[in-house]
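1. return atomic coordinates for the entry below.
(one chain, ligands or ions: 1)
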Amino acid sequence: MLDRSHNAAPLPPEIARRRTFAIISHPDAGKTTLTEKFLLYGGAIQMAGQVRAKGEARRTRSDFMQMEKDRGISVSASAMSFDYGGWRFNLVDTPGHSDFSEDTYRTLTAVDAAIMVIDGAKGVESQTRKLFEVCRLRDLPILTFCNKMDRESRETFEIIDEIQENLAIDVTPASWPIGVGRDFIGSYDMLNDRLELMARADRNKRAESVKIAGLDDPKLAEHVPPQLLEKLREEVEMARALLPAFDRQAFLDGTMTPIWFGSAINSFGVKDLMDGIGGFGPLPQPQSAEPRQIGPEEKTVAGFVFKVQANMDPKHRDRVAFVRLASGHFERGMKLHHVRSKKPMAITNPVLFLAADRELAEEAWAGDIIGIPNHGQLRIGDTLTEGEAIRVTGIPSFAPELLQNIRAGDPMKAKHLDKALMQFAEEGAAKVFKPMIGSGFVVGVVGQLQFEVLASRIELEYGLPVRFEPSQFTSARWVHGPKDAIEKFVNSNKGHIAHDNDGDVVYLTRLQWDIDRIERDFPDLRLSATKEMQ
Ligand code: G4P
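-> Below is the predicted model of the structure:
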């Protein structure tokens, strides 16, 4: 269990100002728009529309990205850093589609909090729920943004009830909307007794803020029409009586979420949300590791790889390992210890992801995400330190739910297929199993869409058309136990045995019954659906 009391120790100011978080949402709820407004307020872009424009330019470069665009989903994650109000925000993007849930899970190991965006008319949707569950596995603090209040939305109480009931989390209103749809004029800031008024004329303009002395302040009537004011007073009174008040500890424990109501496209409510992340969002948190956890206040540098992205530039076979710094002050050129291989690594070209650009990272602090270009030495789950043999834990690999055989369209190029598959396995994009008997590979994924993305990436990045064929197997389990017991098991089950890209033994089957039987017949062995990445 992670001991978070570490945070009681004062952190160096550079670390204490870091806020590292992700946004989770159902497609179309407004994640991209909100990200764009964050960057706008963070001064990282000058004009709304740039994120999309850059995205578009990048996408036209490849069919893979075209596919992403056609489907209206985001399959690749990235990190963005920007400053706001004295804080340094590190925003890590998560794929919204559930077929990439494993990637999302790992991304969430690199953040300290998540923002859940929901559409005010639709409430909690299927992806919201799935991604929320992933956050819950890690007890991540969650801030909720109820978007699109400028459109017809549900009643405020109904939205709050739905979140409480569907997600089993306490909800406390940080703001209360005034009017809805065409009548939406702004919100009442419940935490600071302020009236926030939305400017409809200019979508990029910040809201006008009016300081008021509670709901009886006569100033309110100057800005809010009488019928809306009456409703607001009634609702806020009810909310205060019926809903829990903001409790920072409950929020940090992940059992309470504050909710803001706004409209990302109109830049409304965004600044309050950012003030919320900065003001009471968690500071960089300790990281679970073996043999001891890593505290952000520690002087020496430690970090771990939570994502590897290969071929970001198809012209170069480069890979970028995304590293979350868990402690210390990193400076460019540092020689770090690569714990898995026990070898030193000079980090000469680390990159920071400022808005949509990559930039050399001269320095970074605990909480930051840096990219380290490499030729394959860095894998998901790897730890880098200043010498200590410490290994970050809690970055699992999940057994795939769908298995298929893969064949090269051109048999002459089968060797390239080996290489491509190894690369995607290390990137975490798929599980690749080499059966003991027969030729070829079995590829495993969580969602069908991953097969399609994989096929188009292999064709695009390696010039190799491939096809997937049904496999006789439907489940894969890693085999753990004493070496001789595993050997004996392997020899008597060759037709079901494969090895993953790390050389670990995997049992393939189509029957749950088989799995139960083996656990009974081989009591020394354990079959597992997850494996720690290292
Ligand atoms: P996503 O990343 O979560 O998938 O959502 P995205 O930001 O792309 O937003 C989805 C759609 O919702 C976009 O419209 C966007 O303009 C719209 N939207 C976002 N925030 C608000 C809001 O506060 N109010 C209203 N009314 N709409 C909002 P689109 O038509 O799909 O794209 P576009 O043509 O506007 O770019």
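2. contacting residues around Ala221?
-> By CB atoms under 8 Å, 6 or more residues apart in numbering, the residues touching Ala221 are Leu229. Placement of C-beta: from N, CA and C, glycine included.
3. helix/strand/coil for it?
-> helix (DSSP: H, G, I helix; E, B strand; the rest coil).
4. and for Glu290, the neighbour number?
-> When neighbours are defined as other CB atoms under 10 Å, Glu290 has 13 of them.
5. and the protein, which of its residues are near the ligand?
-> 25, 27-33, 147-148, 150-151, 263-266 (CB under 6 Å from any ligand atom).
6. so how far is the ligand from the closest residue to Gln293 other than its chain neighbours?
-> Distances taken as CB to CB, 6 or more residues apart in numbering place Pro286 nearest to Gln293, at 5.1 Å, with adjacent residues excluded. In this structure, Pro286 and the ligand are 31 Å apart, going by CB to the nearest ligand atom, to the nearest Å.
7. from memory Pro286 sits against Glu298, does it?
-> No: with contacts counted by CB atoms under 8 Å, Pro286 stays clear of Glu298, the gap being 9.4 Å.
8. ranges for the strands of the stretch 251-400 of the chain?
-> 256-261, 289-290, 302-310, 319-327, 329-331, 335-338, 343-346, 351-354, 357-360, 363-365, 369-374, 383-385, 391-392, 396-398 (DSSP state E, counting those that start in this stretch).
9. could I get the ones you listed as a markdown table with distance to Thr172 and mean pLDDT?
-> Putting these into a markdown table (distance: least, CB to CB, whole Å; pLDDT from 0 to 100) gives the following:
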| stretch | distance to Thr172 | mean pLDDT |
| --- | --- | --- |
| strand 256-261 | 5 | 98 |
| strand 289-290 | 33 | 94 |
| strand 302-310 | 30 | 90 |
| strand 319-327 | 29 | 92 |
| strand 329-331 | 36 | 96 |
| strand 335-338 | 42 | 97 |
| strand 343-346 | 45 | 96 |
| strand 351-354 | 32 | 76 |
| strand 357-360 | 37 | 68 |
| strand 363-365 | 31 | 94 |
| strand 369-374 | 29 | 91 |
| strand 383-385 | 37 | 98 |
| strand 391-392 | 33 | 94 |
| strand 396-398 | 32 | 78 |
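10. redo these as TSV? Include distance to Gly438.
-> TSV is the format used below for the strands of the stretch 251-400 of the chain (distance: least, CB to CB, whole Å):
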stretch	distance to Gly438
strand 256-261	51
strand 289-290	37
strand 302-310	28
strand 319-327	30
strand 329-331	47
strand 335-338	35
strand 343-346	36
strand 351-354	42
strand 357-360	43
strand 363-365	47
strand 369-374	33
strand 383-385	36
strand 391-392	35
strand 396-398	24
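11. any low-confidence regions in the stretch 1-150 of the chain?
-> The model of the stretch 1-150 of the chain has pLDDT under 70 over residues 1-9, 44-77, 96-99.
12. for it, which segments count as helices?
-> Assigned by DSSP state H, counting those that start in this stretch, the helices in the stretch 1-150 of the chain fall at 13-16, 31-41, 50-60, 63-71, 101-108, 126-137.
13. what does the stretch 201-350 of the chain give?
-> Under the criterion DSSP H, counting those that start in this stretch, the stretch 201-350 of the chain carries helices at the ranges 219-223, 226-242, 248-252, 270-280.
14. let me know the average pLDDT across the second one.
-> Spelled out, that is helix 226-242. Helix 226-242 carries an average pLDDT of 95.
15. list the buried residues of it.
-> Residues of helix 226-242 classed as buried: Leu228, Leu232, Glu235, Val236, Ala239 (neighbour count, 16 or more other CB atoms under 10 Å).
16. which strands and helices sit next to it?
-> Secondary-structure packing of helix 226-242 (3 or more CB pairs under 8 Å, 6 or more residues apart in numbering; DSSP states H and E): helix 156-167, strand 175-178.
17. hey, which of the ones you listed is tucked in deepest?
-> Burial of the helices and strands packed on helix 226-242 is given as mean neighbour count (mean count of other CB atoms under 10 Å); strand 175-178 ranks first at a mean of 24.
18. mean confidence score for that one?
-> Strand 175-178 comes out at a mean pLDDT of 96.
19. most distant residue from the centre of this protein?
-> Pro218 (44.7 Å; CA atoms, centre = their mean).
20. roughly how far does that one sit from Leu229?
-> According to CB to CB, to the nearest Å, Pro218 and Leu229 sit 11 Å apart.
21. walk me through the domains of this protein.
-> 14-61+71-280, 291-392, 399-532 (the TED database).
22. show me how far the first one is from its chain's centre.
-> Its chain's C-alpha centre lies 16 Å from the corresponding centre of domain 14-61+71-280 when counted by CA atoms, centre = their mean, to the nearest Å.
23. low-confidence ranges in the stretch 151-300 of the chain?
-> Low-confidence regions of the stretch 151-300 of the chain, defined by pLDDT under 70, span residues 200-207.
24. looking at strand pairing, list the partners for the nearest residue to Ala250 once chain neighbours are set aside.
-> Leaving aside its sequence neighbours, Ala250 sits nearest to Met256 (CB to CB, 6+ apart; 3.8 Å). On the basis of DSSP bridges, Met256 is bridged to Asp170.
25. and Met256, how far from the ligand?
-> 24 Å.
26. just checking, that residue touches Ala174?
-> No: the pair Met256 and Ala174 does not pass the contact test of CB under 8 Å, sitting 11.1 Å apart.
27. can you list residues touching both of the two?
-> Joint contacts of Met256 and Ala174 (CB under 8 Å, 6+ apart) are Phe246.
28. more neighbours: which of those two?
-> Just comparing Met256 and Ala174: by other CB under 10 Å the higher neighbour count belongs to Ala174, 25 against 20.
29. excluding covalently adjacent residues, which one is nearest to the more buried one?
-> Pro258 (4.1 Å).
30. neighbours of the one you found, how many?
-> Pro258 has 24 nearby residues by other CB under 10 Å.
31. also the one 10 residues further on?
-> Burial measure for Phe268: 30 neighbouring residues, criterion other CB under 10 Å.
32. which residues touch it?
-> Met149, Asp150, Gly186, Ser187, Glu196, Met198, Ala207, Gly262.
33. is it in a bridge, and if so with what?
-> Ser263.
34. so Arg129 sits against Ala168, correct?
-> No: applying CB under 8 Å, one finds Arg129 not in contact with Ala168, separated by 10.8 Å.
35. okay, these two: which has more neighbours?
-> Higher neighbour count among Arg129 and Ala168: Arg129, with 13 against 10, using other CB under 10 Å.
36. mind listing what that one touches?
-> Counting by CB under 8 Å, 6+ apart, the residues that Arg129 touches are Asn166, Leu167.
37. for Leu11, see how far away the nearest residue in space to Arg332 that is not next to it in sequence is.
-> Closest residue in space to Arg332, ignoring its immediate chain neighbours: Glu362 at 5.1 Å, by CB to CB, 6+ apart. For Glu362, the distance to Leu11 equals 21 Å [CB to CB].
38. of those two, who's got more company?
-> Leu11 (19 against 11).
39. what is the burial count for the nearest residue to the more buried one once chain neighbours are set aside?
-> Distance criterion CB to CB, 6+ apart; nearest residue to Leu11, sequence neighbours excluded, is Glu297 at 5.2 Å. Close neighbours of Glu297, defined as other CB under 10 Å, add up to 20.
40. look up how far Thr393 lies from Glu297.
-> Taking CB to CB, one finds Glu297 at 20 Å from Thr393.
41. enumerate every residue touching the closest residue to Asp83 other than its chain neighbours.
-> Of all residues beyond its chain neighbours, the one nearest Asp83 is Gly42 (6.0 Å), with distances taken as CB to CB, 6+ apart. Applying CB under 8 Å, 6+ apart to Gly42 gives the contacts Phe82, Asp83, Tyr84, Phe89, Ala355.
42. much appreciated, bye for now.
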